Every structure is written in structure tokens, then in C-alpha cells.
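S.K.: Fold the following for me, if possible:
(one chain, ligands or ions: 1)
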Amino acid sequence: MVLKIRKYGDPVLETPCDPVTEFGSDELKQLVDNMFETMYANKGVGLAAPQVGVSKRLTVIDPSAGEDPEAKIVLVNPELVKLEGRQVGEEGCLSIPGFREDVKRAMRVKVKAKDAAGETIELEGEELLARAIQHENDHLNGVLFLKHLSPLKRDMIRRKIRKLQQSGEWD
Ligand code: NI
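M.R.: The predicted structure follows:
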């Protein structure tokens, strides 16, 4: 089922999420399936639970955007244990559609997490995967990529979004 994506302005996006404490439930599996479906339907490479209104530390990532079934990643309660190097690249967010900006991120990350069944996983990624992991991990802390921009850029985007909200083109 494709879920509704919460847009910038919805408080759930700026609220730190609670850890997942129950694993292997049908409910969790269903949520993960729905999140992948929602991400693919919107042509994203990552989606965090708060973006579908669930304030839990859970994110799905697929740098292949659905091309490679092996590329599907589920990170529950992730912890970034290593950040190395630096990359600057264009980033967008399904909760802030229509806006893309250069964001500085670490080039390589190592993440420790659980999968949906509660098994511990450790994963290393670089470039696009590293960027996606950092972006999605931020979501779980209530942080959007706008926070990484200069105040000037951020205010400009906020003003444009406010206009869209006022004209009813942002919900
Ligand atoms: Ni995002």
C-alpha cells in the first residue's frame, strides 16, 4: 500500500523518533513493505518512518531505486559508528518536493542497526549509499536536510514553501 508522505511543516518530521522495541511482528513487516512501496512510487532512494507519520527509528533505503532487489536495505534503530571523508552533492527529500540543494556529508559511513526481524546488522557505504544513510538517519532525529544549508538558503526555501502552503499547493 502506498502511504501518504508527510510534507515539511508537519511536526512529525521535526520530532525525534522513538526506538523500535518489538521485532518480527506482522505490523512491522507490513510497515516496511508499505514504506518500500511508497518510496518506489515516489522514485526515492530512501524513506524514513516519520515521513509516513510513524515516529519510530526505522528507515528503508535502496540506492538502485528498485532496479536491484539485492539493494534493499532496512535499518531499524540505526547508529552511525563511523563517518569518514567528505562529499558535497545535490540532495532532495520526498517531504520537501521540488527543492534540491548541495549538502555536505561524510563520504563513507559505517552503520550498526537491526533488521525487521531484530537481527543485528553492520553495513558500510560510500558515496550515494553513505549520503542516503546520513539523510535517513537525520530524519529519525527530527532533522531535515534544510538544516545543513546556509541560513540564507534555508530561509529562501522556507519562504517559497510558505507561499505554496498559503495557495494550498502543499499538503
Ligand atoms: Ni528525506
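
S.K.: Secondary structure element holding the residue nearest in space to the middle of the chain?
M.R.: Using CA atoms, centre = their mean, the residue of the chain that lies closest to the mean C-alpha position is residue 136, 3.0 Å off. Using DSSP states H and E, residue 136 sits in helix 127-140.

S.K.: Residues in contact with that helix: which ones?
M.R.: With contact meaning CB atoms under 8 Å, 6 or more residues apart in numbering, helix 127-140 is reached by 13, 16-17, 45-51, 57-59, 61, 63, 75, 78, 80, 83, 87, 89, 91, 93, 103, 105-109, 111, 123, 125, 144-145, 147. Just so you know, the C-beta spots here come from the backbone N, C-alpha and C atoms, and that holds for glycine as well.

S.K.: Test my guess that residue 6 contacts residue 14.
M.R.: No: the pair formed by residue 6 and residue 14 falls short of the contact definition of CB atoms under 8 Å, at 10.5 Å.

S.K.: Show me which of those two is the more surrounded one.
M.R.: residue 6 (18 against 15; other CB atoms under 10 Å).

S.K.: Now that we have the contacts of helix 127-140, which of them are buried?
M.R.: Buried by 16 or more other CB atoms under 10 Å: 13, 17, 45-51, 57-59, 61, 63, 75, 78, 83, 87, 91, 93, 103, 105-106, 108-109, 111, 125, 144-145, out of the contacts of helix 127-140.
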